[in-house]
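Asks: sequence and predicted structure below; questions after.
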Amino acid sequence: MPEVTIVEVGLRDGLQNEENILPTAVKKQLTEKLIAAGVTQLEVTSFVHPRWVPQLADAAELVSMLPKAPGVRYRALVPNRKGLERALDTRVEEFAIFLSASETHNQKNINKSLRDTYPVLEEVVQMALAHGKQVRGYVSTVFGCPYEGDVPLRKTAEICRRLLEMGVYEISLGDTIGVATPHHVKEKLKALTKEIPVGKLAGHFHDTRGTALVNAYVALEEGVRVLDTSFGGIGGCPYAPGAAGNAATEDLVYMLEGMGVNTGIDLDKLCEASRFAGASLGKTLPSKVLAGRLAA
Ligand code: HMG
Ligand code: MG
């Protein structure tokens with residue numbers, strides 16, 4: 001199995017969904033622990049409206065406090081021009097734009113129809129590229145929508161095409177509410193990769209029904225080499241009711257190492273970072289590997 005890139009999204013996808021808002025200094029400490037564990041791709045925050053996601057209102061301050069570390073790439077989510085302008089004033093190296101394959105989730109999440117979203121994102125990508133920054137795209141609700149149920153694949157395929165035309169370098173396919181099963185993932189990827197090169201795709205699986213890790217495995221089998229995970233398995237979209245956390249980074253690292261894939265991540269140190277996160281949030285985090293280490 002060739003190399004797999006793990007994009008650690010816990011500081012963004014994870015903390016955006018937590019009731020307890022962590023102090024910026026604690027987020028910084030957590031980031032440092034993740035880096036010490038060997039995590040290099042970190043989506044650290046988002047520059048969305050602070051009223052919509054108060055947990056990440058300290059985005060600029062956090063980024064200003066983060067260490068410069070060789071080989072480490074800080075990424076952030078931006079919804080629109082205003083968000084990009086805020087992010088461009090920081091040291092964030094890469095941006096991610098986002099929209100949904102289903103109209104209703106898009107509306108609830110970013111307050112726009114899909115049709116009105118495209119020009120907003122197009123402007124963001126153009127501006128970011130002009131500043132020499134790479135842009136990643138997220139498509140949410142690819143495998144199901146909390147408001148509309150099943151989402152036809154042609155919607156995802158069309159959005160992927162448009163995102164690539166805009167100039168995004170990679171598209172992360174979101175199982176936002178964790179409804180996908182391995183069979184579902186295989187079928188959708190087989191169909192989608194007839195139109196979109198698999199090298200342009202990443203997998204972003206939420207674990208609401210306990211299928212995130214096995215879905216990630218199937219995505220690997222289908223040729224996907226970039227997976228999004230969160231420390232401890234926290235996460236969820238505040239505008240997707242019922243969404244649980246992402247596949248846990250610990251669990252994916254354990255599985256990949258068992259398959260002979262060197263992730264460069266030290267599992268003990270990663271668990272230490274998650275223990276710190278759990279203690280700071282005042283809760284037990286869902287990762288199975290983490291729970292095993294805590295019990296040992
Ligand atoms: P809106 O209210 O429609 O914004 O929100 P607007 O464009 O009408 O502007 C209203 C005011 O907000 C203006 O200020 C703007 O300047 C300001 P005023 O002139 O009234 O003083 N404003 C901003 N301020 C700071 N930062 C900004 C910004 N934009 C406008 N970026 C908006 C539209 C997109 C901003 C809002 O809906 C929003 O912030 N939504 C974000 C929701 C979110 O973060 N959801 C979770 C992330 S997505 C996710 O988790 C899924 C993913 O993980 C993949 C998966 O799992 O599927 C990625
Ligand atoms: Mg997500």
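Replies: Looks like it arrived, so ask away. Note that the structure is a prediction, hence the values are computed from the model and not measured. Ligands and ions are numbered 1, 2, ... in the order given.
Asks: residue in the stretch 51-200 of the chain nearest to ligand 1?
Replies: Nearest residue of the stretch 51-200 of the chain to ligand 1: residue 174, at 2.3 Å (Cβ to the nearest ligand atom). For every residue, glycine as well, the C-beta is placed using N, CA and C.
Asks: look up how far residue 49 lies from residue 274.
Replies: 29 Å (Cβ to Cβ, to the nearest Å).
Asks: scratch that, residue 161
Replies: Applying Cβ to Cβ, the value for residue 161 to residue 49 is 28 Å.
Asks: which stretches in the stretch 101-250 of the chain count as strands?
Replies: 134-140, 170-175, 201-205, 226-229 (DSSP state E, counting those that start in this stretch).
Asks: could you give the average pLDDT over the third one?
Replies: To tie it back to what came earlier, the one meant is strand 201-205. Here strand 201-205 scores 98 as its mean pLDDT.
Asks: kindly report the same for the longest one.
Replies: Here strand 134-140 scores 98 as its mean pLDDT.
Asks: other SSEs contacting it?
Replies: Other helices and strands packing on strand 134-140, by 3 or more Cβ pairs under 8 Å, 6 or more residues apart in numbering; DSSP states H and E, are strand 94-100, helix 103-110, helix 114-130, helix 153-166, strand 170-175.
Asks: let's see 10 Å
Replies: Packing contacts for strand 134-140, counted by 3 or more Cβ pairs under 10 Å, 6 or more residues apart in numbering; DSSP states H and E, involve strand 73-77, strand 94-100, helix 103-110, helix 114-130, helix 153-166, strand 170-175, strand 201-205, strand 226-229.
Asks: which strands border the second one, and is each parallel or antiparallel?
Replies: Paired strands of strand 94-100, with direction, are strand 73-77 (parallel), strand 134-140 (parallel) (DSSP bridges).
Asks: present these as TSV; the columns should include distance to residue 120.
Replies: Shown next, in TSV, are the strands paired with strand 94-100 (distance: least, Cβ to Cβ, whole Å):
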stretch	distance to residue 120
strand 73-77	14
strand 134-140	13
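Asks: TSV please, covering these and showing mean neighbour count and distance to residue 291.
Replies: Shown next, in TSV, are the strands paired with strand 94-100 (neighbours: other Cβ atoms under 10 Å; distance: least, Cβ to Cβ, whole Å):
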stretch	mean neighbour count	distance to residue 291
strand 73-77	23	28
strand 134-140	24	28
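Asks: between residue 274 and residue 49, which one's more packed in?
Replies: Comparing residue 274 with residue 49 by other Cβ atoms under 10 Å, the one with more neighbours is residue 274, at 29 against 15.
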